[in-house]
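> sequence and predicted structure are below.
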Amino acid sequence: MKKAIICGYYGQGNAGDEALLLSLIERLPKDIEPIVLSGNPTLTTKNYGIKSYSRLDIAKQIISLGKQDYFIWGGGSLMQDITSIKSPLFYASLMKLAQLKGLTTIAYAQGIGPLNFPLTQWITKQVLKGCEGISVRDKGSAKILDNWNLSYFIAPDPVWALSSEKKINISLLKAPLIAVNVRQHSTLTDQKLQLLIDSIKQLQKATKANVILIPFQIKQDLSLCQKIEEQLKDNCQVIIIENPRQLKGIFKQIKMLIGMRLHSLIMGASEGCNCFALSYDPKVSQLMQELDIKGYELKSFPDNPEQIFNDLLTIYNHPPSLSLEKRKELEKLALTHETLFDVK
């Protein structure tokens, strides 16, 4: 059996990246055994029943493989230098090692950039040149690769096609339900958060809805969810879901999502929610633009709670952000990433 090392931001408690991993595992050919780079190998093995290794051990695994095997950048924004210049250097070094070893290298469903430094731009271009297959998930990434004259194809994020499970029953709160996903970020100041909370209170009063607060990464999201819960009190509940399929499935019970994280919006839209985006990152803005999802750039968040309330209420009262036909189309197109494994 062939083997594939899957490299990504896994085992870090980020629900979006875990959903990407599970999407890839679901679509990996049956004759390829996945080996996953993880920040928590024990947990990754427990959750998915696959081999997993830490960053310290993954280079040894690459060296141990043969030319019939694969190395895969497994989706997400691995090559970006906004959070750290170290991250793209690390992922690029593993890709280059795999290429020197003669493995088949694949960049799967990538979100390229932002890349603000000439060094990270050059390194990303060089390692992508050596890949046998490249797919990207948005037009911004495609534009970068066009400028580099690299071959690729574009398809929606794989999480659009992730199978969902409706196993979590929100029994404490009655419908209609509004889901909120927020994360710590410099663009979401305390003042803006309070404006958002005040507007959600108005929205609750006008719609008689209850609020579900869904953290996608405990370290960055939970404290904000708890802060919102304290002010909304009895009409609100924080729900922590670690299983990506069940996390996606919970949006089947949600009428409206107010979301910051990319994969909260993808999951919500794919399950038929009315989505309102709060963009802190170009990848979220790109999704808003490509699918006409309404919302705000947090850098230009309104300072008038009445305006925020009215904008939220408009989306609440509208039909779902995407039609059933559009959702099925995106799901079908998202499956095309798996054609990358036809390179051998």
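Happy to help now that I have it.

> check the offset of stretch 176-188 from the chain's centre.
In terms of Cα atoms, centre = their mean, to the nearest Å, the centre of stretch 176-188 is found 15 Å from the chain centre.

> and that stretch, what's buried?
177-183, 188 (16 or more other Cβ atoms under 10 Å). For every residue, glycine as well, the C-beta is placed using N, CA and C.

> next: stretch 204-211.
Per 16+ other Cβ under 10 Å, stretch 204-211 contains these buried residues: 204, 207, 209-211.

> so what touches it?
For stretch 204-211, contacts defined as Cβ atoms under 8 Å, 6 or more residues apart in numbering pick out 173-180, 200, 203, 228, 232, 235-237, 255-256, 309, 313, 316.

> show me those that map onto helices.
Using DSSP state H, 200, 203, 228, 232, 309, 313, 316 are the members of these that sit in helices.

> if I look at the third one, how far off is residue 198?
Using Cβ to Cβ, to the nearest Å, one obtains 11 Å as the distance from residue 228 to residue 198.

> can you dump the C-alpha coordinates of the lowest-mean-pLDDT helix or strand in the chain into PDB?
Lowest on mean pLDDT, DSSP states H and E among the helices and strands of the chain sits helix 55-64, with a mean of 86. Extracted as PDB, the C-alpha positions of helix 55-64 are listed here (Å, rounded to 0.1, in the frame of the first residue of the first chain):
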ATOM      1  CA  ARG A  55       6.600  18.000  14.000                       C
ATOM      2  CA  LEU A  56       9.800  16.600  15.500                       C
ATOM      3  CA  ASP A  57       9.200  13.200  14.000                       C
ATOM      4  CA  ILE A  58       7.600  14.000  10.600                       C
ATOM      5  CA  ALA A  59      10.900  14.600   8.800                       C
ATOM      6  CA  LYS A  60      12.000  11.100   9.700                       C
ATOM      7  CA  GLN A  61       8.800   9.800   8.200                       C
ATOM      8  CA  ILE A  62       9.400  11.600   5.000                       C
ATOM      9  CA  ILE A  63      12.900  10.200   4.700                       C
ATOM     10  CA  SER A  64      11.600   6.700   5.300                       C
END
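
> circling back: just the buried residues of stretch 176-188 now: which is nearest residue 268?
Proximity of those to residue 268 (Cβ to Cβ) peaks at residue 179, which lies at 6.8 Å.

> got the contact list for the closest one?
211-214, 250-251, 254, 256-259, 264, 268, 273.

> so can I have a markdown table of the residues you listed showing secondary structure?
Below are those laid out as a markdown table (DSSP: H, G, I helix; E, B strand; the rest coil):
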| residue | secondary structure |
| --- | --- |
| 211 | strand |
| 212 | strand |
| 213 | strand |
| 214 | coil |
| 250 | helix |
| 251 | helix |
| 254 | coil |
| 256 | strand |
| 257 | strand |
| 258 | strand |
| 259 | strand |
| 264 | helix |
| 268 | helix |
| 273 | coil |
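
> rewinding a little: who has more neighbours, residue 228 and residue 198?
residue 228 (20 against 15; other Cβ atoms under 10 Å).

> model confidence for residue 117, exactly?
What the model reports as pLDDT for residue 117 is 95.

> typed the wrong thing, it's residue 248
So residue 248 comes in at 97 (pLDDT).

> of the buried residues of stretch 176-188, which is the nearest to residue 146?
Looking across these and measuring by Cβ to Cβ, the closest to residue 146 is residue 183, at 30.7 Å.

> isn't the closest one up against residue 219?
No - with contact defined as Cβ atoms under 8 Å, residue 183 does not count as touching residue 219 (9.5 Å).

> all the helices of the protein, in order from the start?
15-27, 41-48, 55-64, 86-101, 118-129, 139-147, 190-207, 218-232, 244-250, 262-270, 282-291, 305-317, 324-334.

> please find the angle between the direction vectors of the third one and helix 86-101.
By that I understand helix 55-64. Angle of helix 55-64 versus helix 86-101, following axes from the mean of the first three to the mean of the last three Cα atoms, to 10 degrees, is 20 degrees.

> go through helix 55-64 and flag the buried ones.
Buried-residue list, helix 55-64, by 16+ other Cβ under 10 Å: 58-59, 61-62.

> hmm, who's touching it?
Contacts with helix 55-64, where a contact means Cβ under 8 Å, 6+ apart, come from 5, 7, 35, 37, 39, 53, 71, 90, 94, 97-98, 101, 103.

> out of those, which comes closest to residue 302?
Looking across those and measuring by Cβ to Cβ, the closest to residue 302 is residue 39, at 37.3 Å.

> and the closest one, what does it touch?
9-12, 54-55.

> quick check: the farthest pair among those?
Spatial extent of the contacts of residue 39 (Cβ to Cβ) is set by the pair 9 and 54 at 13.5 Å.

> more neighbours, those two?
residue 9 (21 against 14).

> looks like that one contacts residue 17 (just checking).
Yes - Residue 9 lies in contact with residue 17 (Cβ under 8 Å); the separation is 4.6 Å.

> joint contacts of the two?
By Cβ under 8 Å, 6+ apart, the residues touching both residue 9 and residue 17 are residue 76.

> great, nothing more from me.
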